[in-house]
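1. Pasting the sequence and the predicted coordinates here, then a few questions.
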Amino acid sequence: MGQISFLSSRKLSGTVAIPSSKSLSHRSIICAALADGESTISNLSFSKDIDATISILKNLGAQFKKSASALVVSGTGKLKLISNRLFCEESGSTLRFLIPVALLQNEPVEFDGKGKLGERPLDPYFRIFDRQQIKYSHTDNYLPLYIEGTLKPDVFEIPGNVSSQFISGLLFALPLLDSDSEILIQGILESKPYIDLTLDSLKNFGIKIDNLNYERFKISGNQHYIPKDITVEGDFSQAAFFLAAGVINGDIYCDNLSSDSLQGDKAIVDLLITMGGNITKENNMLHAQTSFLNGIEIDASQIPDIVPILAVCAAVSQGTTTIYNASRLRIKECDRLKAISSELNKIGADVEEKEDSLIIHGKETLDGGLVDSWNDHRIAMSMAIASLKCKNKLTITNCEAINKSYPDFYKDIKNLGGDLT
């Protein structure tokens, strides 16, 4: 169990190159692996989650050549199972994206992982397995999961209020089946921006999906992924930490972000501005400066990943912030509603945890002290940013959780003037 300490109220300033979008990196790697030929993915930031996706696709027959920030992917156009044990580390995206992909071949496979991954629901897939008579078994948790059978063309009904990862997983696999399929969304689809990222990645690699108002997706069979060279844009969900740092106590330029991005977490910019944040675009970078923030109301249904850092901003704003429609945060790497409220309250914040919301009464400063990451990368990074408004030193235990998505996060904090040990 590692720990790291941040000295109190240290202003951050300078320029940070935001790492590549983890969401787009997963999608580009999967599409490239399913293509027949060679693709190069540039500006790629490697992390435990991305490495897990690469490892499983290797076991499904794709080949990879890795450099410092690029990946050459040689796909075969047809899966060839090398090893039937598919280990996802703690990556929910890897697991849910690749279950349907693994069912494109007829050999049995076993998905496994660690940490809280085995507690994250897979029921939408189990209903498909039952309908299509695909054999499966698992322990009291969802992992390890043994699956035997092949995915068949069908009309797939998926609830709109579950993770969009189930829909994306089907969208990757269904175009390669020998007949047409449809996905019907039951109720209102949450996390639409993540579906937009999937559809855009599929389009880049030659796959056509008919999106009928996010209520139905029509997928023609017998399609083929076409190799493509891709440069992955920066990640707004990671930029959120530095934009927040800037408006809380800093003068920070965020580079490597696309103004045309489809990423849902791009909403962090408008939300911080609505709170009073001074964020401007200068020389193709976003510039965030210390600001006087006010509480607002935030709908979390489309932006679950940036809720923890928004909670930090709210905790040091004037007035009250309500973050609602946030129940899905309870089934992430940890129960993020409980985690962020608990850890912020430890250092003097005033956060009320409700069933699907947080009510945060802002304060001018926080106290500092000892907090834990709950083995969740976004909780670790959020608490690091909270240190910028602490009167005393803040120490984070299980600090290595950042390796899941952003291994260089503490290094980047230090480069901006952060005093950490």
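-> Yes, it's here. Residues are numbered from 1 along each chain as shown.
2. Ile4 and Cys399 touch, don't they?
-> Yes: between Ile4 and Cys399 there is a contact under Cβ atoms under 8 Å: 4.2 Å. For glycine as for every other residue, the C-beta is placed from the backbone atoms N, C-alpha and C.
3. Of these two, give the one with the bigger neighbour count.
-> Between Ile4 and Cys399, Cys399 has the larger neighbour count (other Cβ atoms under 10 Å), namely 23 against 20.
4. Just confirm that one contacts His377, I think it does.
-> No: taking contacts as Cβ under 8 Å, Cys399 lies outside contact range of His377: 10.1 Å.
5. So Ser382: helix, strand or coil?
-> helix (DSSP: H, G, I helix; E, B strand; the rest coil).
6. In which helix or strand does the residue nearest to it when sequence neighbours are not counted reside?
-> Nearest non-adjacent residue to Ser382, counting by Cβ to Cβ, 6 or more residues apart in numbering: Pro308, 4.1 Å away. For Pro308, the host element (DSSP states H and E) is helix 307-315.
7. Given the following helix or strand past that helix, what are its sheet partners and their directions?
-> Counting by DSSP H and E, the next helix or strand C-terminal to helix 307-315 is strand 320-324. Sheet pairing for strand 320-324, assigned by DSSP bridges, gives strand 297-299 (parallel), strand 358-361 (antiparallel).
8. mind checking how far strand 320-324 is from the chain centre?
-> 22 Å (Cα atoms, centre = their mean, to the nearest Å).
9. ok so, going back, which neighbours do Ile4 and Cys399 share?
-> Tyr410 (Cβ atoms under 8 Å, 6 or more residues apart in numbering).
10. any idea how far Glu355 is from the residue nearest to the spatial centre of the chain?
-> By Cα atoms, centre = their mean, the chain has its centre lying nearest to Ser23, at 5.7 Å. Ser23 is 27 Å from Glu355, where distance means Cβ to Cβ, to the nearest Å.
11. For the residue lying closest to Asp229 once chain neighbours are set aside, give me its contacts.
-> Leaving aside its chain neighbours, Asp229 sits nearest to Thr40 (4.6 Å; criterion: Cβ to Cβ, 6+ apart). Contacts for Thr40 (Cβ under 8 Å, 6+ apart) come out as 70-73, 229-230.
12. Specify which member of these is nearest to Ile207.
-> Ile230 (13.9 Å; Cβ to Cβ).
13. Report how many residues lie close to the closest one.
-> For Ile230, using other Cβ under 10 Å, the count is 23.
14. burial measure for Ala300, as a count.
-> 23.
15. I'd like the distance between it and Ile18.
-> The gap separating Ala300 from Ile18 is 22 Å, by Cβ to Cβ.
16. Please apply the same query to Leu81.
-> For Leu81 relative to Ile18 (Cβ to Cβ), the value is 36 Å.
17. One more: Lys58?
-> 28 Å.
18. per-residue pLDDT, Arg127?
-> Per-residue pLDDT puts Arg127 at 97.
19. ok now do it, which residues does it touch?
-> With contacts defined as Cβ under 8 Å, 6+ apart, Arg127 has no neighbours.
20. begin at 259 from here
-> Shifting the count to begin at 259 puts that one at Arg385.
21. what comes up buried for the helix or strand encompassing it?
-> Using DSSP H and E, the element containing Arg385 is helix 381-390. By 16 or more other Cβ atoms under 10 Å, the buried positions in helix 381-390 come out as 382-383, 386-387.
22. What of stretch 647-661?
-> 647-648, 651-661.
23. how about JSON lines for these, with distance to Ser459 and secondary structure added?
-> Listed next are the buried residues of stretch 647-661 as JSON lines, based on distance: Cβ to Cβ, whole Å; DSSP: H, G, I helix; E, B strand; the rest coil:
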{"residue": "Lys647", "distance to Ser459": "38", "secondary structure": "helix"}
{"residue": "Cys648", "distance to Ser459": "40", "secondary structure": "strand"}
{"residue": "Lys651", "distance to Ser459": "43", "secondary structure": "coil"}
{"residue": "Leu652", "distance to Ser459": "38", "secondary structure": "strand"}
{"residue": "Thr653", "distance to Ser459": "40", "secondary structure": "strand"}
{"residue": "Ile654", "distance to Ser459": "34", "secondary structure": "strand"}
{"residue": "Thr655", "distance to Ser459": "37", "secondary structure": "strand"}
{"residue": "Asn656", "distance to Ser459": "32", "secondary structure": "coil"}
{"residue": "Cys657", "distance to Ser459": "32", "secondary structure": "helix"}
{"residue": "Glu658", "distance to Ser459": "30", "secondary structure": "helix"}
{"residue": "Ala659", "distance to Ser459": "27", "secondary structure": "helix"}
{"residue": "Ile660", "distance to Ser459": "25", "secondary structure": "helix"}
{"residue": "Asn661", "distance to Ser459": "25", "secondary structure": "helix"}
